[in-house]
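Enquirer: Dropping a prediction and its sequence here:
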Amino acid sequence: MNIRDALPHIKTSTAPEDLICYGFDASGLEELPSAVLWPETAEQVSEIMRYAYENDIRIVPRGAGTGMSGGAVPLRDSVILSTERMNRIIELDRENLTVLVEPGVINGRLQREVENGGLFYPPDPASMNFCTIGGNVAENAGGPRALKYGVTRDYVMELEAVLPNGDILNLGVRTHKGVVGYDLVRLLVGSEGTLAVATKIRLKLLPLPADVVALLCLFTDIEASGKAVSAVVSSGIIPRALEFMDREAIKAVERIQPLGLSDTVEALLLIEIDGHPEAIRKEVEKVAEICTGFGADVSMAENENARMRLWESRRKVSQALYLIRPKKMSEDIVVPRNRIPEMLVSLRRLSAETGIGLVNFGHAGDGNIHVNLMVDRTNEEEYRKADSLVKRIFEATLVLGGTISGEHGVGLTKAPYIGMEIKQSELNLMRGIKNLFDPKNILNPGKIFP
Ligand SMILES: Cc1cc2nc3c(=O)[nH]c(=O)nc-3n(C[C@H](O)[C@H](O)[C@H](O)COP(=O)(O)OP(=O)(O)OC[C@H]3O[C@@H](n4cnc5c(N)ncnc54)[C@H](O)[C@@H]3O)c2cc1C
């Protein structure tokens, strides 16, 4: 009996149009699944997993498929478990500043709902208007505001999750503190859907900051912009966002969401400072002064509409680059913040040496640079050259004390390189954990490990 006949009460499809739509993510990788399932409750997820466990069927959890490392892309003969129908905001607890959600809730929807009540959920991936909280938990997603407020991991308090054998776990605490036993919530956050399927998530909330000011800082020298990042971060002020775009990224966005910037701009920083209006006034002045000192032309978004326009442009960078090179490759390195100028110089040198165009943007305040290799990955020769460049970029990153992925995860695309960063003994320990949770290797196999 197949899974569809075994679980007739759960919506399932094997229609070619569904298999195609659920067979890829934003990494550009693709493979057809054998079926797509849309459970509506944790109990249904548990039934699916139990059946899959007993019958050796591979299951791939999937939120919105915006992942950049192929985490939700199935291997051959896998079944997609979509969380799309598990999209309720179950409980907003204003007294304790928490919210309980199902995994298919879209991040941006949650942001808007809590903000309407004067509350704040900081993790804001640039994909927030279409990615899910379940996907954010699985990838430990960050976003521009991670600089001041941290990443998804810092907000997950409780997790209901289904093991590969169908058992339902209830992990974590709903209290502000709690240290009983190992912290399995922290282990599951960022485990890329390889250990368990998240079915309910309780998140910490904060009061909504009273005011936000955005500064646009335009540089004619890219290295100076990197130095300005280090100077701002070490000045004692923590902006809530400090985003970077190089000239090519700016030019690409100007095509689809123009800010009217001149061709002479080599780099921009988009800096946001939040807090009480009185307190942030001085901070804004100081940050503007630092950037001006590094030669920037600094302007302030004069109202909320202007601030939103800046963010719309920033969030469209990926899209703009895909329009230029639909099969580009994208990396997600992080270096210590004071090493950003060196990393930018290395990237420029590597691009010149290999003749491969690189476009860089990202969360510079976190040292997180999205490096885009403007190649056609489906062209074998271009791919070979790009692959060896990726290795050199990772080497340069690790030499500076960085990491090869800040937020996009390992998935399929970075699995071949994980050994560059993680020692064999540590990888063995991780494999041991995977084996303990998933002894039959049926949950999202082929991800993370080479
Ligand atoms: C334009 C663009 C901008 C982006 N900007 C950012 C950014 O600023 N910061 C950032 O961190 N990321 C960013 N991303 C990457 C991506 O949006 C995030 O990784 C996001 O968290 C993925 O969510 P999703 O719902 O699309 O998950 P999917 O892509 O569907 O899945 C991602 C992984 O999570 C697993 N998964 C999904 N749901 C569950 C669940 N309920 N239980 C267990 N495992 C699950 C999947 O198996 C897969 O391994 C961006 C992507 C795009 C396309």
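Expert: Done, it's in. No experiment lies behind these values; they were computed from the predicted model shown.

Enquirer: can you pull the contacts of Pro445?
Expert: Counting by Cβ atoms under 8 Å, 6 or more residues apart in numbering, Pro445 touches Arg58, Leu75, Ser78, Thr194. For every residue, glycine as well, the C-beta is placed using N, CA and C.

Enquirer: Isn't the first one up against Ile80?
Expert: Pointing back at Arg58 there. No - counting by Cβ atoms under 8 Å, no contact exists between Arg58 and Ile80, whose distance comes to 10.1 Å.

Enquirer: any common contacting residues for those two?
Expert: Pro74.

Enquirer: Quick one: buried ones out of the contacts of Pro445?
Expert: Buried members of the contacts of Pro445, scored by 16 or more other Cβ atoms under 10 Å, are Arg58, Ser78, Thr194.

Enquirer: List the residues that contact the first one.
Expert: For Arg58, the residues meeting the contact criterion (Cβ under 8 Å, 6+ apart) are Ala52, Pro74, Leu75, Asp77, Ser78, Val79, Ile442, Leu443, Asn444, Pro445.

Enquirer: Can you tell me which of the buried ones among the contacts of Pro445 end up in helices?
Expert: Using DSSP state H, no member of these sits in helices.

Enquirer: Looking at those, which one is closest to the ligand?
Expert: Thr194 (7.3 Å; Cβ to the nearest ligand atom).

Enquirer: List the contacts of the closest one.
Expert: Lys434, Phe437, Asp438, Leu443, Asn444, Pro445, Lys447, Ile448.

Enquirer: same thing with Pro336?
Expert: Gly367, Leu400, Gly401, Gly402.

Enquirer: is it possible to export those to TSV including secondary structure?
Expert: Output for those, formatted as TSV (DSSP: H, G, I helix; E, B strand; the rest coil):
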residue	secondary structure
Gly367	coil
Leu400	coil
Gly401	coil
Gly402	coil
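
Enquirer: re the thing from before, tabulate the contacts of Pro445 in JSON lines, adding columns for pLDDT and distance to Met329.
Expert: Below are these laid out as JSON lines (pLDDT from 0 to 100; distance: Cβ to Cβ, whole Å):
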{"residue": "Arg58", "pLDDT": "98", "distance to Met329": "26"}
{"residue": "Leu75", "pLDDT": "93", "distance to Met329": "21"}
{"residue": "Ser78", "pLDDT": "97", "distance to Met329": "24"}
{"residue": "Thr194", "pLDDT": "98", "distance to Met329": "23"}
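
Enquirer: Just these: which are in strands?
Expert: Arg58, Ser78 (DSSP state E).

Enquirer: Show me what from the stretch 301-450 of the chain comes close to the ligand.
Expert: Ser318, Glu407, His408, Asn444 (Cβ under 6 Å from any ligand atom).

Enquirer: can we see that at 5 Å?
Expert: Residues of the stretch 301-450 of the chain lying close to the ligand (Cβ under 5 Å from any ligand atom) are Ser318, Glu407.

Enquirer: got any ranges where the stretch 1-150 of the chain has weak pLDDT?
Expert: Counting by pLDDT under 70, the stretch 1-150 of the chain contains no low-confidence range.

Enquirer: make it 80
Expert: 1 (pLDDT under 80).

Enquirer: was I right about Val99 contacting Arg202?
Expert: Yes - at 7.2 Å, Val99 and Arg202 qualify as touching, with contact defined as Cβ under 8 Å.

Enquirer: And these two? Which one has more around it.
Expert: Neighbour count, other Cβ atoms under 10 Å: between Val99 and Arg202, Val99 has more, with 26 against 22.

Enquirer: Specify the local secondary structure of the more buried one.
Expert: strand.
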